[in-house]
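Asker: Quick one, what's the 3D model for this:
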Amino acid sequence: MEPILPGAPWLIAHKSILGVNKPNKITLNGQDYVIWQNQKGEVFALDNICPHMQAPLSDGWICQDRDTIACPFHALEFDGQGRLQQVDKKDGQPITKVLELIISNDCIWTYAGFEPRLPIPDLYQKIVDEYEFIGVTGEKSIEGEFLTNLMVNYDYNHQNGTHKELFKITSCNVNHFEEKGYSATVKQELTRANNTLGEIIKNPILGILPKTLANTLKYAFPSTTALLAKTPIGDIAQIHILYPQTEKITKTFILMYAKVVNPVMKFLFKNSVLQAAATVIEQDTNAVESLYPRQKPKIRLPNEEIMFYAEKLYHNW
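Answerer: Just a heads-up that it's a prediction; the model follows:
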């Protein structure tokens, strides 16, 4: 396939997703890779195809003592530089391609061999400096083109329908939109209905969120949407990630960060926000996967210039 947005930085995983000494398959722009983390926290990635007889290396295993991955077909071992390991010695030259990685704050980025056109977003560092990482949630492969999924993240009207029941939304207003090239900031105000005790027991996030929720969203095109929100018991920093697996499949997951002082509240807060974020991804997935082929809209809604801004960046890449 033709690569989507070549030269963009893609966040393909968080270290906590990988486990230790466990092969993981990653697909980016139609290319499969195997990625693993050793017990020292070092991360390696190679083309997923064994150069001998094309077995998928992600079905193999990690040899901990040698930091190698073994092919499941013939147990051939390759190190993190793509060199064949034989009887305690390595061939001098790589024979399988390495996926170059950039690791920052436990986030694993790659340009997939293309010349970088954008830097890794600095908003991650600002969030890590202020918030505590509480987990990854909502990991999903969505049957939908990357552009469609991208525009959903910039669409400030779909919350009135797709997520209305989850958060009991009564209104969604955008009072600020500022774009600077490939980054943008939006300030949004969500108003929610009063919640019954039964609703809160069923959906604990309702007991955490205020009736009026003032959100700041920061965008780093094309992969990242960061939502910053304050609640009575703690602050949330949610980083929503997208990257193209294939022409028709888009990968998404959410990195969740928070500031909560009370240990008991932190436990309740963590579970509630991770569960709610996973439900958001599920709802967005169902919405995207049920869409008919795109046509020219005959209706315009407020704040759609935010969505069209992202679409323009995509087409002008």
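Asker: Okay, helices next: where are they in the stretch 151-300 of the chain?
Answerer: 164-167, 197-202, 263-289 (DSSP state H, counting those that start in this stretch).
Asker: closest one to Gln125 among those?
Answerer: Nearest to Gln125, of all the helices of the stretch 151-300 of the chain, is helix 263-289, at 21.5 Å by Cβ to Cβ. Where you see a C-beta, it was placed from the backbone N, CA and C, and this is true even at glycine.
Asker: what about this structure, any weak spots by pLDDT?
Answerer: 87-91 (pLDDT under 70).
Asker: what's the distance between the residue most central in space within the chain and Phe253?
Answerer: The centre of the chain sits closest to Ile241, judged by Cα atoms, centre = their mean, with a distance of 2.4 Å. Noted for Ile241: a distance of 5 Å to Phe253, by Cβ to Cβ, to the nearest Å.
Asker: returning to what we had before: tell me if I'm right that the residue nearest to the centre of the chain and Leu255 touch.
Answerer: Yes. Contact criterion Cβ atoms under 8 Å: Ile241 and Leu255 qualify, at 6.9 Å.
Asker: so how far is Asp106 from His163?
Answerer: His163 is 28 Å from Asp106, by Cβ to Cβ.
Asker: residues in contact with the residue nearest to the centre of the chain?
Answerer: Contacts here follow Cβ atoms under 8 Å, 6 or more residues apart in numbering; on that basis Ile241 touches Leu11, Ser223, Thr224, Lys251, Thr252, Phe253, Ile254, Leu255.
Asker: So what pairs up with it in the strands?
Answerer: Counting by DSSP bridges, Ile241 is bridged to Thr224, Phe253.
Asker: Going by residue numbers, what spans are strands in the stretch 101-250 of the chain?
Answerer: 102-104, 107-110, 132-143, 169-180, 183-192, 212-220, 224-231, 234-244, 249-259 (DSSP state E, counting those that start in this stretch).
Asker: got a markdown table for the contacts of Ile241, with distance to Ser290 and neighbour count too?
Answerer: As requested, the contacts of Ile241 are exported to a markdown table (distance: Cβ to Cβ, whole Å; neighbours: other Cβ atoms under 10 Å):
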| residue | distance to Ser290 | neighbour count |
| --- | --- | --- |
| Leu11 | 27 | 24 |
| Ser223 | 24 | 26 |
| Thr224 | 25 | 21 |
| Lys251 | 19 | 23 |
| Thr252 | 16 | 23 |
| Phe253 | 21 | 22 |
| Ile254 | 21 | 22 |
| Leu255 | 27 | 28 |
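Asker: List the contacts of Gly207.
Answerer: Applying Cβ under 8 Å, 6+ apart, the residues near Gly207 are Asn195, Ile200, Ser272.
Asker: didn't the second one look like it was pressed against Leu206?
Answerer: It refers to Ile200. Yes. Judged on Cβ under 8 Å, Ile200 makes contact with Leu206 at a distance of 4.8 Å.
Asker: For the nearest residue to Thr68 once chain neighbours are set aside, grab the count of nearby residues.
Answerer: In space, and not counting its chain neighbours, Thr68 is closest to Glu77: 4.0 Å by Cβ to Cβ, 6 or more residues apart in numbering. When counting by other Cβ atoms under 10 Å, one arrives at 19 neighbours for Glu77.
Asker: so what are the domain limits for this structure?
Answerer: Domain assignment of the chain by automatic domain parsing yields the ranges 10-110, 123-292+300-316.
Asker: Quick one: end-to-end distance for the last one.
Answerer: Read that as domain 123-292+300-316. 24 Å (Cα to Cα, to the nearest Å).
Asker: swap in stretch 191-199?
Answerer: 17 Å.
Asker: Quick check: the residue nearest to the centre of the chain vs Glu178, distance?
Answerer: Shown here: Ile241 relative to Glu178, a distance of 22 Å by Cβ to Cβ.
Asker: now swap in Pro210 and tell me
Answerer: Note on Pro210: its distance to Glu178, by Cβ to Cβ, is 24 Å.
Asker: Any idea how far apart the tips of stretch 293-304 sit?
Answerer: So stretch 293-304: terminal residues 19 Å apart, Cα to Cα.
Asker: Over to stretch 149-168?
Answerer: Rule used - Cα to Cα; the end-to-end distance of stretch 149-168 is 23 Å.
Asker: And it, what's buried?
Answerer: 149-156, 158-159, 162-164, 166-168 (16 or more other Cβ atoms under 10 Å).
Asker: which of these lies closest to Glu189?
Answerer: Tyr156 (10.8 Å).
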